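>>> got a sequence here, can you build the structure:
(chains A and B)
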Amino acid sequence: MLKRSPTFESLIAELNKLPGIGRKSAERIAYHFVKASREEVMSLASALKAVKDNIISCSTCFNLAEKDPCPICEDPSRDAAQILVVEDAMDIAAFERAGVYKGRYHVLQGRIVPLKGITPEHLRIRELVERVRGGAVKEVILATDPDVEGDATALYISRLLSPLGVEITRIGLGIPMGGSLEYTDSITLEKALEGRKRF
Amino acid sequence: MHLIHLSIRDFRNIAHAELASAKGVNLFWGANAQGKTNLLEAIYYLITGRSFRTRQDRETLPWDSPSDTVAIIRGLVKRPESQYEIVVAMNRTQKNVSCNGKTLFSLGLLWGKMNAVLFTPGDLEIVQGSPGARRRFLDMEGCQMDHNYLYHLQRYAQILRQRNALLKSSMDDTDMAESLEVWDEEMASPAAEIYLFRRKFIKELAAAAGQIYNGIADSSESLDLGYESFLGKNETSANREVVEALFKEIMRRSRSEDMYRGNTNAGPHRDDFRITIGGQDARIYGSQGQQRSAMIALRLAEINLMKAYTGLTPILLLDDIVSELDEKRRLHFLSLLDPNLQTFITGTDADTLRGALPVEKTFQICNGRIL
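Next comes the predicted model:
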C-alpha cells in the first residue's frame, strides 16, 4: 500500500536520479527512511542543506571549497608557477591523497563531449587561459583522462595556450606501478615506450 | 588449436546439446531447418562473442522461451600450450563472456583466443555487395589477426561519433572550425594506422587469393584486389607521418562540405577495395561462377594469412557452402581444404561430403537435437 503513496513515490523518484542508484536501490533507501528515526532523517536532510549552503567552487581554480579562494589557492607554500589541469574536483582529491604535487590546480568541470552537447564554452577553459595570461604561470600540466574525449580536451587546451609561451606538458601514460610488463596490453606498452625517459 | 567440447543450452532451437568434437573434420548432417547452422553460430559466438547472422543477441534466444531464459554456450579449447574454457551467457538484455571463470569486460579480450575462418552463403555480399560489406570483412578478419587494429578502429569510431555530433550542433562556424581542428588532429593517428594495416593486409590477401583463384576457376584470368582508400585509388606512402598529414589535409578540404551536411564525408569509414578478375571489376562484370570462385579464394587466402599473423591454425566453419557451387567446383573446393585443420561443416547430403572429405565424426541434427 505504501508504494502507492505520492509522498513515497516522489521520494523514490528523487533518489532514482542520483548517480549509481537504480529503481530497486531507490525503493530500498526510501523504505529505510520510512523506518528510520526522525533524528536520523533530519540529520541527513540538514547535511544535504549544508552542502548547498556552504560549498562553493573557488573562483580561481574551481575546486570545491567552503571559502573563496580555496585553501590550496591561498596556501603560499604551493607553487603558483605550476598548474595541474583536471576534469573534476574528485581528481584533485586523488592527487592530494597522494601528497606528491606541490603546485596549484585548475578544475575544468568536465571534458569536451560533443555527443552530450558539451563544448569548450561549457568548461572553465577561458578562466584557465586568463590565469595563464596573468603571467605567474610557467608550466601547465594536462591531466585529463587518457581516452578519446580526455585527449581531445587536452589537445584543445594546448592549442589555446601554446601562443602564450608557457610550458605545456601531458601527464605520463604507461605501465602502472607494481604492474607486470607481461600482462600489459600492447597499446599501453607502445605509449610507455613513446614516453620513455633518460636513465 | 581445437575446440574439443561444446555444450549449448537454450540457444535458438537447441534446448540442450553436448558434443565432443574431433580434431579433424566434423560434419553436422540433417534436413533443412533442423539447427545445423545454429551449432556453427554457437561456435562462432565462442570465438567472436557475436553472431554472424544478426546484430541482436536476443534474437538467438529460443523464440517461445520465458523472458528470463539464459542462453549458455560453453566451449573447451585446446591450444598447444594450454587448455581453457570459454562461456558465453546471454539473456534478453545482457551478455557475459568469460574465460576460465573470469569475466572478460570487452569482446576485444576474447578476440584472438581462438581463431576461425567462416564460409557462409552470405559471403557473396563481399563480392557483390556495398563497400560496407567489404569493410566488415576486412575489419572482422583484421581484428582477429591484430589486436592493435581493433584498438585503432574503436578509437577512430569513437572520435568519428564525437566529430559528427559536433558537426550537427548549432555552434557558430568559427568556433566549430576551431574545435574540428582538434578532433581531426586526434583522428589522424588511428586513421593512419587503419590505412597502413588495410594497405598491407589487402596486398597480402591479393597475393594469396590470386594463386588460389587460378586453381579453382581453372582459367588463366587473374584475380586481384585494389585498395580504394580515403587517400584515393593510387597507392601512396607507407610512412605514418605522411599519411597523417595527408589525412589532415583531406579533412581540411572537406570541412566546409562536412559542416554543410552535418556529417564526416571522408576517411577510413568510407574505404573500399576493388576485386578484379582479368582486370575487370568482378562486382559489375563478374559471372555468378566467377564471383563465387572469388569469394572462396578470399576465404581460403584468409586461412593462410591467419596462420601467418597469429602462428595458430584457425578452425574452419563451413555453412552450407557447397550447395552454392556446381559439382565440379564443389569437389575441387573440398580438395583444397587442409584436413589437418579442425573443420565444422554443415550439409544435407552426407554421402557426397563424406566422399570428398575425410570426415572423422558425423553428428546427425534433428529438431534442435543431436541424435
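
>>> show me the contacts for B:Lys95.
B:49, B:57, B:88-89 (Cβ atoms under 8 Å, 6 or more residues apart in numbering or on different chains). C-betas here are computed from N, CA, C, even on glycine.

>>> now with 6 Å?
B:Lys95 makes contacts with B:Asp57, as judged by Cβ atoms under 6 Å, 6 or more residues apart in numbering or on different chains.

>>> so A:Gly20 versus chain B, what's the distance?
To chain B, A:Gly20 is 18 Å away according to Cβ to the nearest Cβ, to the nearest Å.

>>> now do the SS call for that residue.
coil (DSSP: H, G, I helix; E, B strand; the rest coil).

>>> quick check: phi and psi at it.
Here is the backbone geometry of A:Gly20 (degrees, to the nearest 10): phi 80, psi 0.

>>> leaving out the residues flanking it, which one is nearest to B:Asn91?
The spatial neighbour of B:Asn91 that comes closest, neighbours along the chain excluded (Cβ to Cβ, 6 or more residues apart in numbering or on different chains), is B:Val70 at 4.8 Å.

>>> same deal with B:Glu193?
Spatial nearest neighbour of B:Glu193, chain neighbours left out: B:His152 (4.1 Å); criterion: Cβ to Cβ, 6+ apart.

>>> pLDDT on whatever helix or strand the one you found lives in, on average?
In the assignment (DSSP states H and E), B:His152 maps to helix B:147-168. What helix B:147-168 shows for mean pLDDT is 93.

>>> any buried residues in it, and which?
Neighbour-count burial for helix B:147-168, counted by 16 or more other Cβ atoms under 10 Å in any protein chain shown, picks out B:147, B:149-153, B:155-156, B:158-160, B:162-167.

>>> and the average pLDDT for the helix or strand that it is followed by is what?
Remark: after helix B:147-168, the chain's next helix or strand is helix B:173-217, criterion DSSP H and E. In this model, helix B:173-217 has a mean pLDDT of 92.

>>> now swap in stretch B:91-106 and tell me
90.

>>> kindly export that stretch (C-alpha atoms) in CSV.
Extracted in CSV, the C-alpha atoms of stretch B:91-106 (Å, rounded to 0.1, in the frame of the first residue of the first chain):
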residue,chain,number,x,y,z
ASN,B,91,19.6,-13.2,-21.7
ARG,B,92,17.3,-10.7,-23.4
THR,B,93,19.2,-7.7,-22.2
GLN,B,94,22.7,-8.7,-21.2
LYS,B,95,25.6,-10.8,-22.3
ASN,B,96,28.5,-12.1,-20.3
VAL,B,97,31.6,-13.7,-21.8
SER,B,98,34.1,-15.4,-19.5
CYS,B,99,37.3,-17.3,-19.9
ASN,B,100,38.3,-19.8,-17.2
GLY,B,101,35.6,-18.4,-15.0
LYS,B,102,36.8,-14.7,-15.2
THR,B,103,34.5,-12.2,-16.9
LEU,B,104,36.0,-10.6,-20.0
PHE,B,105,35.0,-6.9,-19.8
SER,B,106,35.3,-6.3,-23.5
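
>>> now the longest strand along chain B: buried residues?
Ordering each strand of chain B by length in residues (DSSP state E) puts strand B:2-11 first. By neighbour count on 16+ other Cβ under 10 Å, the buried set for strand B:2-11 is B:2-3, B:6-11.

>>> likewise stretch A:156-170?
For stretch A:156-170, by 16+ other Cβ under 10 Å, it's A:156-158, A:160-161, A:166, A:168.

>>> restricted to helices, list those residues.
Under the assignment DSSP state H, those contribute A:156-158, A:160-161 to helices.

>>> just these that are near chain B?
A:Tyr156 (Cβ under 6 Å from any Cβ of the partner chain).

>>> return the member of the ones in helices among the buried residues of stretch A:156-170 nearest to chain B.
When those are ranked by distance to chain B (Cβ to the nearest Cβ), A:Tyr156 comes first, at 4.5 Å.

>>> can you give me the offset of the longest strand anywhere in chain A from its chain's centre?
Secondary structure of chain A per DSSP E: the longest strand is strand A:79-86. On the basis of Cα atoms, centre = their mean, to the nearest Å, strand A:79-86 sits 15 Å off its chain's mean C-alpha point.

>>> how about residues contacting it?
By Cβ under 6 Å, 6+ apart, the residues outside strand A:79-86 that reach it are A:102-107, A:136-143.

>>> please apply the same query to stretch B:192-207.
B:138, B:149, B:152, B:224-225, B:227, B:229, B:240, B:243-244, B:268, B:273, B:301, B:305.

>>> so which of these sit within helices?
B:138, B:149, B:152, B:240, B:243-244, B:301, B:305.

>>> sec struct for the residue nearest the centre of chain B, please.
Residue closest to the average C-alpha location in chain B (Cα atoms, centre = their mean): B:Met140, at 3.4 Å. What three-state DSSP gives for B:Met140 is helix.

>>> apart from its chain neighbours, what residue comes closest to it?
That would be B:Thr48: by Cβ to Cβ, 6+ apart, it lies 7.5 Å from B:Met140.

>>> roughly how far does B:Asn115 sit from B:Met90?
22 Å (Cβ to Cβ, to the nearest Å).

>>> now the next helix-or-strand element following the longest strand of chain B, how far from the centre of its chain.
Once the chain leaves strand B:2-11, the next helix or strand it forms, by DSSP H and E, is strand B:14-20. Put simply, strand B:14-20 sits 25 Å off its chain's centre (Cα atoms, centre = their mean).

>>> any buried residues in strand B:14-20, and which?
Within strand B:14-20, the residues that count as buried by 16+ other Cβ under 10 Å are B:14, B:17, B:19.

>>> ditto for stretch A:63-75
Quick answer for stretch A:63-75 (16+ other Cβ under 10 Å): A:63-65, A:70, A:72-73.

>>> strand partners (parallel or antiparallel) of the longest strand of chain A?
Strands adjacent to strand A:79-86 in the sheet, as given by DSSP bridges, are strand A:103-107 (parallel), strand A:139-142 (parallel).

>>> quick one: contacts for the residue in chain A that chain B sits nearest to?
Scanning chain A for the residue nearest chain B gives A:Pro114, at 3.7 Å (criterion: Cβ to the nearest Cβ). Shown in contact with A:Pro114 (Cβ under 6 Å, 6+ apart): B:162, B:165-166.

>>> now, which of those lie close to chain A?
Contacts with chain A within the contacts of A:Pro114, as defined by Cβ under 6 Å from any Cβ: B:162, B:165-166.

>>> what stretches of the chain score poorly on pLDDT?
No chain in the question, so chain A it is. A:1-3 (pLDDT under 70).

>>> other chain: chain B
Scanning chain B for pLDDT under 70 picks out B:234-236, B:322-323.

>>> per-domain residue ranges of it.
Following automatic domain parsing, chain B resolves into domains at B:1-115+B:312-371, B:131-310.
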